[in-house]
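J.: Predicted coordinates and the sequence they were generated for:
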Amino acid sequence: MSLPEAFTARMKHLLGEEEYTDFLASYTEARRQGLRVNRLKLSPQAFLKRVDWKLESVPWTEDGFYYSESLRPAKHPYYHAGLYYIQEPSAMSPAAVLDACPGERVLDLCAAPGGKTTQLAAAMQGQGILVTNDSNPNRVKALVKNVELYGIRNAVVTNETPDRLAKVFPGYFDKILVDAPCSGEGMFRKEPDMVKSWSEAVIETCCGMQRTILQDAARMLRPGGRLLYSTCTFAPEENERMIAEFLMEQPDFSIVPIPMHEGWEQGRPEWTQNAEANRLVSGTARLWPHRISGEGHYVALLQKAGDKESSERDSMILAKPVGTKQTQEKELADFYTFVKETLPEWKGLEDNGFILTMHEDRVFLSPQDLPGLQSLRLARQGWLLGTIKKKRFEPSQAFAMGLKAENAAQKVNFAPDESDTIRYLKGETLMRQAEKGWNLVCVDGFPLGWAKGAGGMLKNMYPAGWRWMDGA
Ligand SMILES: C[S@@+](CC[C@H](N)C(=O)[O-])C[C@H]1O[C@@H](n2cnc3c(N)ncnc32)[C@H](O)[C@@H]1O
């Protein structure tokens, strides 16, 4: 791989001759591929029992595994059932360190396409509120798809600037992940295109964005809350120096030292330009491609002073959920009929943490305890259950993916190696006996989507944008 001269000169200067040689040698080695089991669907142990794949544990997260080049896990029906997310192993470290818990209010501020969002959501186990945001409207589409594919039920997806979010969520979150836009030096091996767009000017531009994003994130954190800052770059300007500068400006924040794993290295104080901050940044962590099996990453965990009790957030005016029109029982009659007939065992509507909301013709189950979100660009105001079309309720793909097979009265269960499984994922009509009406289609008991049974065939309701592509 041909690396920019200015980049290699910088790295040589930073690392010194000896370490630089090891660093450079890592570019001649194959990169490691990873997948992370979706604990919203099954435990890593249960997953390992289901597959005879050659997998090796990623040391910093118990649901992460390395797989070999030949495996192609995106070409397996389990991928379409959302049983795992394909993720670069080092990229599993930020959410693992932040350690989101069930019941918390969590923000993923720069979230698309959603790798870390799916990891945070799995840790939250459907309880609490996950606001997941990206400022780029195109990238938000991929984020929505991943939120839905992984069966995340407690997420609100926004397409906002951090500044506008901070006006709505002051002091609101227990935990915030800032996986910042960066110069991407740590991803050169994974995404060679990033090499072409690299320049020292890009580092400077990224620093500007990171500074603003961090300040806005700080406003949204409750006293005692934790903020995880990560990048996939080596440049100290975007890492140790960014954190040192932040700490100087925000005296109510301190570093929480990150527990180290084998091969991880402490942040390099000598790369900051601020003597006072020097000793602090050694509590942050660097993942280097020549020391671990993974790409380059930087991770810093920060805590805001105070505790939850001193926070004023619970006296914030918590508006009616999501500020659109309140659901009307009359409009929802067909939805309730659908639930009664199709999902008699589903208890989702009885969960106190959630409330039915509608936006235009769409029905959502939204987390409660949200401030009014009227001023925000919302991609999803909760779990999209479906659409009411001409007084008929049509369940969404997201609804299917967030259910369990046992919730459905009528279902069709395929084996992964059955030809109908792929035919279903390709969107084909299946000539197959099934109960009349809506059926939840599953593979090995994990939902894939909907189909409608009628006269010896299954009408395929798998969405066009989700379909299996040959050769892809
Ligand atoms: C490193 S990527 C995030 C990867 C993501 N966390 C994941 O795990 O899949 C950085 C993201 O920040 C977004 N971004 C850039 N500027 C932003 C801003 N000012 N506010 C929020 N997001 C921003 C980009 O669109 C990009 O999707």
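T.: Right, received. Where do you want to start?
J.: E104: neighbouring residues, count only.
T.: 19 (other C-beta atoms under 10 Å). C-betas here are computed from N, CA, C, even on glycine.
J.: swap that for N136, please
T.: N136 has 13 nearby residues by other C-beta under 10 Å.
J.: Spatially, what comes nearest to it if we skip its sequence neighbours?
T.: A112 (6.4 Å; C-beta to C-beta, 6 or more residues apart in numbering).
J.: from memory that neighbour sits against A142, does it?
T.: Yes - contact criterion C-beta atoms under 8 Å: A112 and A142 qualify, at 5.6 Å.
J.: Show me which of the two is the more surrounded one.
T.: Of the pair A112 and A142, A112 is the one with more neighbours under other C-beta under 10 Å, namely 24 against 15.
J.: Compute the distance between that one and K12, please.
T.: Going from A112 to K12 by C-beta to C-beta, to the nearest Å gives 34 Å.
J.: Ends of stretch 448-460, what's the gap?
T.: 11 Å (C-alpha to C-alpha, to the nearest Å).
J.: does the ligand sit close to stretch 374-383?
T.: No - counting by C-beta under 6 Å from any ligand atom, the ligand has no neighbours in stretch 374-383; the shortest distance is 12.0 Å.
J.: Dump that stretch to CSV, restricted to CA.
T.: Extracted in CSV, the C-alpha atoms of stretch 374-383 (Å, rounded to 0.1, in the frame of the first residue of the first chain):
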residue,chain,number,x,y,z
GLN,A,374,-41.1,18.8,17.4
SER,A,375,-38.1,21.0,16.4
LEU,A,376,-35.9,18.0,15.4
ARG,A,377,-35.5,16.2,12.1
LEU,A,378,-36.7,12.7,13.2
ALA,A,379,-35.9,9.7,11.1
ARG,A,380,-37.7,7.4,13.6
GLN,A,381,-39.5,8.5,16.7
GLY,A,382,-39.4,5.0,18.2
TRP,A,383,-40.0,1.4,17.0
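J.: buried residues in it?
T.: If you call a residue buried by 16 or more other C-beta atoms under 10 Å, then stretch 374-383 has these buried ones: L376, L378, A379, R380, Q381, G382, W383.
J.: now these as JSON lines including pLDDT?
T.: Below are those laid out as JSON lines (pLDDT from 0 to 100):
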{"residue": "L376", "pLDDT": "97"}
{"residue": "L378", "pLDDT": "98"}
{"residue": "A379", "pLDDT": "98"}
{"residue": "R380", "pLDDT": "98"}
{"residue": "Q381", "pLDDT": "97"}
{"residue": "G382", "pLDDT": "97"}
{"residue": "W383", "pLDDT": "98"}
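J.: Leaving out sequence neighbours, find the closest residue to F354.
T.: Closest to F354 by C-beta to C-beta, 6+ apart is L365, at 4.9 Å.
J.: Report the secondary structure state of that neighbour.
T.: strand (DSSP: H, G, I helix; E, B strand; the rest coil).
J.: Residues in a beta bridge with it, which ones?
T.: On the basis of DSSP bridges, L365 is bridged to L356, W383.
J.: Double-check that S293 belongs to a strand.
T.: No - going by three-state DSSP, the assignment for S293 is coil, not a strand.
J.: My read is that it contacts Y66, right?
T.: Yes - the pair S293 / Y66 is scored as a contact, 6.5 Å apart, by C-beta under 8 Å.
J.: Are there residues contacting both of those two? Which ones?
T.: Contact criterion C-beta atoms under 8 Å, 6 or more residues apart in numbering; residues bridging S293 and Y66 by contacting each: R32, V58, P89.
J.: how about the residue nearest to the first one when sequence neighbours are not counted, what does it touch?
T.: Spatial nearest neighbour of R32, chain neighbours left out: S293 (4.7 Å); criterion: C-beta to C-beta, 6+ apart. With contacts taken as C-beta under 8 Å, 6+ apart, S293 has the following neighbours: R32, V58, Y66, P89, G263.
J.: Give me the three-state assignment for the residue nearest to N136.
T.: Three-state call for A112 (three-state DSSP): coil.
J.: Show me what from this protein comes close to the ligand.
T.: Checking the chain against the ligand by C-beta under 6 Å from any ligand atom, the hits are 91, 109-116, 134-136, 139, 161-162, 179, 181, 209, 213.
J.: Give me the buried subset of those residues.
T.: 91, 109-116, 134-135, 162, 179, 181, 209, 213.
J.: list the helices and strands the helix or strand containing T118 packs on?
T.: Element membership of T118 [criterion: DSSP states H and E] is helix 115-124. When contacts are defined as 3 or more C-beta pairs under 8 Å, 6 or more residues apart in numbering; DSSP states H and E, helix 115-124 packs onto strand 84-86, helix 93-98, strand 105-108, strand 129-133, helix 137-149, strand 173-179.
J.: Which strands border the third one, and is each parallel or antiparallel?
T.: The partner list of strand 105-108 in its sheet, established with DSSP bridges, is strand 129-133 (parallel), strand 173-179 (parallel).
J.: Alpha carbons of it, in PDB - could you do that?
T.: Provided in PDB are the C-alpha atoms of strand 105-108 (Å, rounded to 0.1, in the frame of the first residue of the first chain):
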ATOM      1  CA  ARG A 105     -30.600   7.400  28.700                       C
ATOM      2  CA  VAL A 106     -27.900   7.000  26.000                       C
ATOM      3  CA  LEU A 107     -26.900   9.200  23.100                       C
ATOM      4  CA  ASP A 108     -24.900   8.000  20.100                       C
END
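J.: Buried residues in that strand, which are they?
T.: Across strand 105-108, burial judged by 16+ other C-beta under 10 Å covers R105, V106, L107, D108.
J.: ok, so of those residues, who is nearest the ligand?
T.: D108 (6.6 Å; C-beta to the nearest ligand atom).
J.: how much space between Y20 and R10?
T.: From Y20 to R10 the distance is 10 Å (C-beta to C-beta).
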